[in-house]
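[1] Here is a sequence together with a model predicted from it:
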Amino acid sequence: MVGSIEANGRVHSNGTIQNYNGSQDKLDELRRLLNKSDGDPLKIASVGAGAWGSVFAALLQDSYGQYREKVQIRIWRRPGRAVDRATAAHLFEVINSREDVLRRLIRRCAYLKYVEARLGDRTLYADEILKDGFCVNMIDTPLCPLKVVTNLQEAVWDADIVVNGVPSTETREVFEEISHYWKERLTPPIIISLSKGIEAALDPVPHIITPTQMINRATGVPIENILYLGGPNIASEIYQKEYANARICGADKWRKPLAKFLRQPHFIVWDNSDLVTHEVMGGLKNVYAIGAGMVAALTNESATSKSVYFAHCTSEMIFITHLLTEEPEKLAGPLLADTYVTLLKGRNAWYGQMLAKGEISRDMGDSISGKGMIQGVSAVRAFYELLSQQSLNVLHPDAHKPVAPVELCPILKTLYKILITRDSSTEAILQALRDENLNDPRERIEIAQSHAFYRPSLLGQP
């Protein structure tokens with residue numbers, strides 16, 4: 001019937017209605033670019049099932065999953081992770097609070113296992129509940145059912161597009177394993193990395209290693225086929241159809257068609273050629289988000305204190321961007337927008353809050369149950385170690401002598417002492433803000449703008 005839901009869309013398992021007008025055309029266009037013939041479905045594999053990786057796979061499934069003869073979407077996660085009883089009980093509450101989810105599970109004969117888990121008569125596993133649309137790091141936001149694969153070789157060996165959803169700290173290891181399964185491939189896949197984080201390499205000269213570079217070196221896939229997607233967004237809100245935008249960065253050949261393929265009415269995807277710098281900025285904001293959480297907890301959510309911190313952390317970030325790029329002003333909008341949302345609601349800010357409140361300890365590590373990997377911790381170490389190198393010395397504006405760049409970044413130094421060496425308590429972040437010798441944030445920005453600080457070697461450029 002013309003105008004009916006059946007003609008123009010379908011009801012999602014999460015209760016929303018998705019209009020499919022134009023989605024088949026976008027799918028067909030990408031299939032043509034990848035030289036896919038009739039009867040040969042486009043295979044998309046998402047590697048890693050954290051919050052963003054799971055949501056990304058679910059968005060694709062919601063948009064294109066109905067075209068089963070043209071596309072197959074699957075997600076890999078490691079097997080064997082048990083869901084604790086408290087999480088199982090909370091999951092049961094979520095299910096019963098959502099009539100659409102409850103009906104879906106009953107229809108799929110999958111409800112009884114959640115009852116048994118609530119009673120303690122059964123153990124659920126993360127890969128098991130993901131098939132029903134529940135990400136263990138995001139229980140409160142049910143997704144659509146997903147095709148879950150626990151064997152990495154099965155997931156990726158013939159994939160046309162691979163989405164990297166594992167943390168930066170695990171990217172190299174996972175893709176080194178994947179490389180063994182691609183030895184017989186005739187054509188390299190396209191890889192979209194969602195990972196935000198960096199590593200610091202000090203030899204032969206100090207430089208940053210990003211997840212896309214790790215993937216390139218581990219697999220030999222040409223860098224032209226590897227892209228980064230990031231933006232100011234929270235995974236659960238994106239799946240709830242809150243308006244969001246992102247950038248997909250990489251070579252001309254793939255970024256524009258992929259931006260078009262990924263774009264939805266509530267999720268606008270732009271494209272940009274500057275792959276590495278955007279990727280590095282995605283890691284940098286996680287550093288300062290941890291400190292923001294500490295300040296919020298220690299000052300009882302004082303808006304004034306948080307604004308003081310924001311002024312100082314953004315001035316440090318702007319200073320660092322002048323070291324990394326010749327045209328830092330091009331990054332100001334994306335960097336500040338991503339920083340803003342991460343400081344408001346991201347897992348790194350949550351981690352800082354919980355540390356300051358004493359509800360978690362540094363001894364628990366940076367992989368937290370129910371939240372996943374806190375990538376800001378490793379980023380603090382990487383940026384500190386990198387910016388401590390004397391070969392990168394800059395002229396100190398007051399002392400008029402060469403100093404390592406980190407000496408002009410007091411918040412980064414303080415976070416390093418709190419999180420890495422553990423020489424300081426979380427209260428040290430407030431002491432750093434109250435230091436009478438702390439420069440006006442505007443002065444740090446002026447220093448960066450008036451001096452030739454750009455160090456192309458930091459991003460591996462000559």
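    Great, that's in hand.
[2] C-alpha from now on. contacts and neighbour counts both.
    Will do.
[3] list the contacts for residue 192?
    Listed by Cα atoms under 8 Å, 6 or more residues apart in numbering, the contact partners of residue 192 are 161-164, 226-229.
[4] Also residue 163?
    Residues near residue 163 by Cα under 8 Å, 6+ apart: 44-47, 53, 191-194.
[5] Who is it paired with across the strands?
    On DSSP bridges, the residues paired with residue 163 through beta bridges are residue 46, residue 192.
[6] Report the separation between it and residue 311.
    35 Å (Cα to Cα, to the nearest Å).
[7] on that earlier part again, reformat the contacts of residue 192 as a markdown table; add pLDDT and distance to residue 371.
    Shown next, in a markdown table, are the contacts of residue 192 (pLDDT from 0 to 100; distance: Cα to Cα, whole Å):
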| residue | pLDDT | distance to residue 371 |
| --- | --- | --- |
| 161 | 98 | 26 |
| 162 | 98 | 23 |
| 163 | 98 | 20 |
| 164 | 98 | 18 |
| 226 | 98 | 27 |
| 227 | 98 | 25 |
| 228 | 97 | 22 |
| 229 | 96 | 21 |
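[8] Relative to residue 364, which of those is nearest.
    residue 164 (25.5 Å; Cα to Cα).
[9] Would you confirm that that closest one contacts residue 196?
    No - the pair residue 164 / residue 196 is not scored as a contact, 10.5 Å apart, by Cα atoms under 8 Å.
[10] before we move on, what SS does residue 171 have?
    helix (DSSP: H, G, I helix; E, B strand; the rest coil).
[11] In contact with the closest residue to it other than its chain neighbours, which residues?
    Among residues not flanking residue 171 along the chain, residue 211 sits closest, at 6.4 Å (Cα to Cα, 6 or more residues apart in numbering). Residue 211 sits next to 168, 171-172, 193, 195-198 when contact means Cα under 8 Å, 6+ apart.
[12] which of those lies closest to residue 275?
    residue 193 (10.6 Å).
[13] can I have the longest helix anywhere in the chain written out in CSV, keeping just the CAs?
    For the chain, the longest helix by residue count, based on DSSP state H, is helix 275-298. Output of helix 275-298 as CSV, limited to C-alpha atoms (Å, rounded to 0.1, in the frame of the first residue of the first chain):
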residue,chain,number,x,y,z
LEU,A,275,44.0,11.3,8.2
VAL,A,276,46.7,11.3,10.8
THR,A,277,46.2,14.7,12.4
HIS,A,278,42.5,14.1,13.0
GLU,A,279,43.4,10.7,14.4
VAL,A,280,45.9,12.1,16.8
MET,A,281,43.4,14.8,18.0
GLY,A,282,40.9,12.0,18.8
GLY,A,283,43.5,10.6,21.2
LEU,A,284,44.5,14.0,22.7
LYS,A,285,41.1,15.0,23.9
ASN,A,286,40.8,11.7,26.0
VAL,A,287,43.8,12.9,28.0
TYR,A,288,42.2,16.0,29.2
ALA,A,289,38.7,14.4,29.7
ILE,A,290,40.1,12.4,32.6
GLY,A,291,41.2,15.6,34.3
ALA,A,292,37.8,17.2,33.7
GLY,A,293,36.1,14.3,35.5
MET,A,294,38.5,14.8,38.5
VAL,A,295,37.8,18.5,38.7
ALA,A,296,34.0,17.9,38.5
ALA,A,297,34.1,15.4,41.3
LEU,A,298,36.5,17.3,43.6
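[14] And for residue 433, the neighbour number?
    18 (other Cα atoms under 10 Å).
[15] Please read the previous query as pertaining to residue 267.
    18.
[16] cool, residue 125 as well?
    By other Cα under 10 Å, neighbour count at residue 125 equals 16.
[17] What of residue 265?
    Residue 265: 11 neighbours (other Cα under 10 Å).
[18] Please report phi then psi for it.
    phi -60, psi -30 (degrees, to the nearest 10).
[19] From the contact counts, what lies against the helix or strand residue 72 falls within?
    Element membership for residue 72, per DSSP states H and E: strand 71-76. Packing partners of strand 71-76 (3 or more Cα pairs under 8 Å, 6 or more residues apart in numbering; DSSP states H and E): strand 42-47, helix 51-64, strand 148-149, helix 152-156.
[20] Output it in PDB, but only the C-alpha positions, please.
    Extracted C-alpha coordinates of strand 71-76, given in PDB (Å, rounded to 0.1, in the frame of the first residue of the first chain):
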ATOM      1  CA  VAL A  71      25.300  -7.200   2.000                       C
ATOM      2  CA  GLN A  72      26.300  -9.300   5.000                       C
ATOM      3  CA  ILE A  73      27.200  -7.500   8.200                       C
ATOM      4  CA  ARG A  74      28.900  -9.300  11.100                       C
ATOM      5  CA  ILE A  75      30.800  -8.400  14.300                       C
ATOM      6  CA  TRP A  76      33.600 -10.200  16.000                       C
END
